[in-house]
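Undergrad: pasting the sequence and the predicted model now:
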Amino acid sequence: MGSLEHANWFMTALFCTMSGIIVGSVLLAQRGREMFIRRIPGLSAIEEAVGRATEMGKPIFFSTGLWGIDVVTLQALAILSYIVKLAARHATRIIVGTADSTLYPVAQESVREAYEAAGAPEAFRAEDVRFVSGDQFPYALGAVGIMARERTATNFLFGAFFAEALILTENGRALGALQVAGCPDPVQIPFFIATCDYVVIGDEYYAASAYLTREPTVTGSIVGQDIAKALLMAIVLAGIGLATYFGGQHMDHSWLFRHLGTGR
Amino acid sequence: MRQTVLKLLAPTTGTASLVAHLAAALLVCALLLFALHRLLGPRGRRWLIAAVTFAGGLFYGLEYFLPAHGKPEKNFLTPWIEPVSVALTVVFAFTVGLGIYSLCQVHGRNVGRRRPGWHNSLAFFAAMVAMFVSGLWEHHLRLPEPLPAVVPWPKGVYEVLFNGLYGPLQAATFSLLAFYIASAAYRAFRIRSAEAGLMMAAAFIVMLGQVPFGRWLTSWLPAAGPLGSLRLEVLGDYVLTWLNTPAQRAIAFGVAVGALAMSLRLWLSLERGTFFSEQS
Amino acid sequence: MAQAPATGSWDYLQRMPRYVIYLLLAGVVLWQLLAPIRFPIVPSSTTRDVYKAIRAAPENKLIIISVDWDASTQAETGPQTAAVIRACFESGKRFALMNWTAPMGAKLANDIARPIAEQYHAEYGRDWCNWGFKSGGANVLMAMVKNIPETMGNDVRGKRVTSLPMMKGVRDIKDIGLVVEVTGLAGVTETWIGLVQGPYQTPLTAAYTAVMAPGYYAYTDSGQLKGMLVGVKGAAEMEVLERKPGLGSAIMSAQSWGHILILALIILGNTGYLLARGRARRERA
């Protein structure tokens, strides 16, 4: 099979094609082409969730997951920014718990800018963006402690979650909070579904910023992703057809397999 | 040029040399930051961030995609991977202090203002100081392996705190998940619809198929022949490998393409809002 | 949101208080640990593949057991590590423990390996060794494939790895016959596959916690993983293959009955739900 160290010609061609599709789609959207994204229930529920906290007069808790500055967590920060702007409009307090010290200043700056964008810079409290712990279970227990002491009405969990996810959500449920979770990793999805009120799954996680903001750049990117996925599906179907026609026993020696595998 | 840079990045020996290097690095960074802050306006800073982001992504991208030759395979950028990774690790290490600052700020305020539960914050400080002191002291002792029968007391304190307390606490916290799974499964698994019924059936089959009890339950079915396919472990295996695996692969495809798109948006600074400019 | 209290006996079936569930589970697990009712354990195909891979590893090459786990997953990865170590000693294969993610793993695995080594009269440095925890993440693997002694430096006892008799002639990844990855962490296997198994075709097997194993059947299907131990069950199955019952087999009866209890609770909950729903329909009619 292929190496992670260097790409072969097929990987390079595939990457260039998919990147071209995505960037092309972004440019088209920026030029004003209308693009459709279907309704995502978990994301539609964000306003309801923020509204619940506002009505109850209790704070919101947002967990960014375990990872640091990474694609998954940066997407979580984009969602956090949207939620902060919503919360700021209703003067609802939001507490953010991070598990990575490199992410902590970025998250703090992100929240500060969101409050400024919402026209409520004085509502920003630096101590409401906290570094809880760098370790998995201490983070989970610290976050549960925040939920319990602050009696949060709503919990948002967006980011990279692992075994500690169930500790967070089950305790959040026991404390009576409405919970919205999103994680691209399929392993934790069943636990979120069993314990949260709304869940954003897999691809929907990356579509979140497009869905919430409807910004042309991100919307175009989502449409480009879908086209790239269709291309991948076509390649998989072609591969199935070729493997079925030529037979499995020839696979290791076939020109196609050799060049798509090691590329040598 | 590579030799010069590697010479500068080479580990140094001697306290005087180390202090000189640190002082020089701090001075250069301070001057650079001051110059950037003064000379560049907000627009200029944005361009600088975009340029640095692009250069960083371009480095790793080119190293991966440019043709590589030889055994082991490398191109002209490959020798730079390790020094760049080491430099990044050093930069990340500085942020550990920021995390500690945040913790001390929050808990310090709790103790200072005697907020409800301030004794928990006091326990945090006690634990942090104990672990910090004993960890550093233990490391400084440089004890031989295998350990002598009687060890110095800092090593004993460290062993009690880390291996005697922290390790078992981790295991105990993880074991809570078993109870949470039981209560979550009991509460969430209700046959409210046909799909929920299907999910329940799959859960039953897989849960029983994964334990010896399930295998024993259907062991009376003949292993060979069509009835053998109804054995719980066979059904469970079928669900895991033929139903679950393609679904996991499909999700992995989608997530990978999503991550590619997000990475492209960040690399080309197309991402707007949050930590970037609000203007698109 | 929080569970409403039960009203009526049918309702109680579907709104049992949490503490009752927790007490039942704790009671069942304790009962089975003290007075187990055992069911026969039959090794699955993925476990057999791991066993075969260890036995088939070349005699003149090392096996690397990468113990990337910490105390939190010890209940599963501990018995798995013990079973793999025992399989190596049984088949006379030299192995090295190493760790490049969770620092605790090297020490905990060392505590597991030492008594097993004594049972087999195996000598440290000749039959097995522990390279310890090496920081640097994927950089450790990238460097290791090219030069193992330089990357590993000192072992967990502070000795240069080159001073150990079993490390004579071990230079790079070509001198490694098999890698067994024991982990509870996501993303570790992908790095091994990308940096070691893929480019150098070094055989790779793995042992995972039960919750993450479903995500890795795709790798066994494609041949990138030569078998997989799934949770404590995998450890128990290895013990059956080795004919040496250990902690894995002891824990399996508790796990079996734990599963039975959870399924019984689900049935009870659904019974209460369906009966309550029927009663509500009758009252409306």
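TA: Here it is on my side, so go on. Numbering: from 1, shown residues only, chains lettered A, B, ... in the order given.

Undergrad: low pLDDT regions in chain C?
TA: The model of chain C has pLDDT under 70 over residues C:1-9.

Undergrad: and what of chain A?
TA: A:1-5, A:248-264.

Undergrad: so which residues of it form helices?
TA: If DSSP state H is used as the criterion, the helices of chain A fall at A:9-30, A:41-56, A:71-89, A:103-117, A:136-150, A:164-174, A:189-195, A:203-213, A:216-246, A:255-261.

Undergrad: who are the packing partners of the second one?
TA: If I follow you right, that is helix A:41-56. strand A:60-65, helix A:71-89, strand A:154-160, strand A:178-183, strand A:198-201, helix A:203-213 (3 or more Cβ pairs under 8 Å, 6 or more residues apart in numbering or on different chains; DSSP states H and E). For glycine as for every other residue, the C-beta is placed from the backbone atoms N, C-alpha and C.

Undergrad: what angle separates it from strand A:60-65?
TA: 140 degrees (axes from the mean of the first three to the mean of the last three Cα atoms, to 10 degrees).

Undergrad: how about helix A:41-56 as CSV, C-alpha atoms only?
TA: Presented in CSV, the C-alpha positions along helix A:41-56 are these (Å, rounded to 0.1, in the frame of the first residue of the first chain):
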residue,chain,number,x,y,z
PRO,A,41,-31.1,19.4,12.6
GLY,A,42,-28.3,19.5,15.1
LEU,A,43,-27.2,22.9,13.9
SER,A,44,-30.7,24.2,13.6
ALA,A,45,-31.1,23.5,17.3
ILE,A,46,-28.3,25.8,18.3
GLU,A,47,-30.6,28.8,18.5
GLU,A,48,-33.1,26.9,20.6
ALA,A,49,-30.3,25.8,22.9
VAL,A,50,-29.0,29.3,23.4
GLY,A,51,-32.6,30.5,24.0
ARG,A,52,-33.1,27.9,26.7
ALA,A,53,-30.1,29.2,28.6
THR,A,54,-31.3,32.7,28.2
GLU,A,55,-34.8,31.9,29.5
MET,A,56,-33.5,30.0,32.5
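
Undergrad: buried residues, it. List them.
TA: Within helix A:41-56, the residues scored as buried using 16 or more other Cβ atoms under 10 Å in any protein chain shown are A:42-43, A:45-46, A:49-54, A:56.

Undergrad: tilt between it and helix A:203-213?
TA: 60 degrees.

Undergrad: list the contacts of residue C:163.
TA: Applying Cβ atoms under 8 Å, 6 or more residues apart in numbering or on different chains, we find residue C:163 in contact with no residue.

Undergrad: which residues touch the closest residue to residue C:49 other than its chain neighbours?
TA: Using Cβ to Cβ, 6 or more residues apart in numbering or on different chains and skipping the chain neighbours, the partner closest in space to residue C:49 is residue C:227 (2.7 Å). By Cβ under 8 Å, 6+ apart, the contact list for residue C:227 reads C:46-53, C:205-206, C:220.

Undergrad: tell me the SS of the closest residue to residue B:222 other than its chain neighbours?
TA: Spatial nearest neighbour of residue B:222, chain neighbours left out: residue B:228 (5.9 Å); criterion: Cβ to Cβ, 6+ apart. Secondary structure assignment for residue B:228 (DSSP: H, G, I helix; E, B strand; the rest coil): helix.

Undergrad: list the contacts of residue B:228.
TA: Contacts of residue B:228 by Cβ under 8 Å, 6+ apart are B:221-222, B:234.

Undergrad: please apply the same query to residue C:270.
TA: Residue C:270 neighbours (Cβ under 8 Å, 6+ apart): B:189-191, B:200, C:14.

Undergrad: looking at the residues you listed, which are in helices?
TA: Checking the contacts of residue C:270 against DSSP H, those in helices are B:200, C:14.

Undergrad: which of the contacts of residue C:270 sit farthest apart?
TA: Distance extremes for the contacts of residue C:270: the farthest pair is B:200 and C:14 at 14.3 Å, using Cβ to Cβ.

Undergrad: who has more neighbours, the two?
TA: Neighbours per residue, other Cβ atoms under 10 Å in any protein chain shown: of residue B:200 and residue C:14, the larger number sits with residue C:14, 21 against 17.

Undergrad: find the closest residue to chain A in chain C.
TA: residue C:194 (2.7 Å; Cβ to the nearest Cβ).

Undergrad: so that residue sits in a helix?
TA: Yes: assignment of residue C:194 by three-state DSSP places it within a helix.

Undergrad: which residue ranges form the helices in chain C?
TA: Using DSSP H, helices in chain C cover C:9-14, C:18-34, C:45-56, C:74-90, C:104-119, C:138-144, C:148-152, C:188-192, C:198-200, C:217-222, C:231-242, C:247-284.

Undergrad: now distance to residue A:80 too, for these, in a markdown table please.
TA: Below are the helices of chain C laid out as a markdown table (distance: least, Cβ to Cβ, whole Å):
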| stretch | distance to residue A:80 |
| --- | --- |
| helix C:9-14 | 36 |
| helix C:18-34 | 31 |
| helix C:45-56 | 40 |
| helix C:74-90 | 34 |
| helix C:104-119 | 32 |
| helix C:138-144 | 29 |
| helix C:148-152 | 39 |
| helix C:188-192 | 28 |
| helix C:198-200 | 36 |
| helix C:217-222 | 32 |
| helix C:231-242 | 35 |
| helix C:247-284 | 35 |
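
Undergrad: quick one on the thing from earlier: could you pull up phi and psi at the residue nearest to residue C:49?
TA: phi 100, psi 170 (degrees, to the nearest 10).

Undergrad: how far away is it from residue C:181?
TA: The spacing between residue C:227 and residue C:181, counted by Cβ to Cβ, to the nearest Å, is 11 Å.

Undergrad: hmm, back to that, the helices of chain C: which one's closest to residue A:158?
TA: Per Cβ to Cβ, nearest to residue A:158 of the helices of chain C: helix C:188-192, 22.7 Å.

Undergrad: list the buried residues of that closest one.
TA: C:188-189, C:191-192.

Undergrad: and stretch B:216-223, by the same measure?
TA: Under 16+ other Cβ under 10 Å, the buried positions of stretch B:216-223 are B:216-218.

Undergrad: and chain C, which of the residues you listed reach it?
TA: Contacts with chain C within those, counted by Cβ under 8 Å from any Cβ of the partner chain: residue B:216.

Undergrad: got the buried residues of stretch B:216-223 as JSON lines, with secondary structure columns?
TA: Compiled in JSON lines, the buried residues of stretch B:216-223 are given as follows (three-state DSSP):
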{"residue": "B:216", "secondary structure": "helix"}
{"residue": "B:217", "secondary structure": "helix"}
{"residue": "B:218", "secondary structure": "coil"}
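
Undergrad: would you mind giving the buried residues of stretch B:216-223 as CSV with distance to residue C:272 and pLDDT added?
TA: Listed next are the buried residues of stretch B:216-223 as CSV, based on distance: Cβ to Cβ, whole Å; pLDDT from 0 to 100:
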residue, distance to residue C:272, pLDDT
B:216, 29, 90
B:217, 25, 90
B:218, 28, 91
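
Undergrad: please identify which of the buried residues of stretch B:216-223 is nearest to chain C.
TA: The closest of the buried residues of stretch B:216-223, once distances to chain C are taken by Cβ to the nearest Cβ, is residue B:216, at 4.4 Å.
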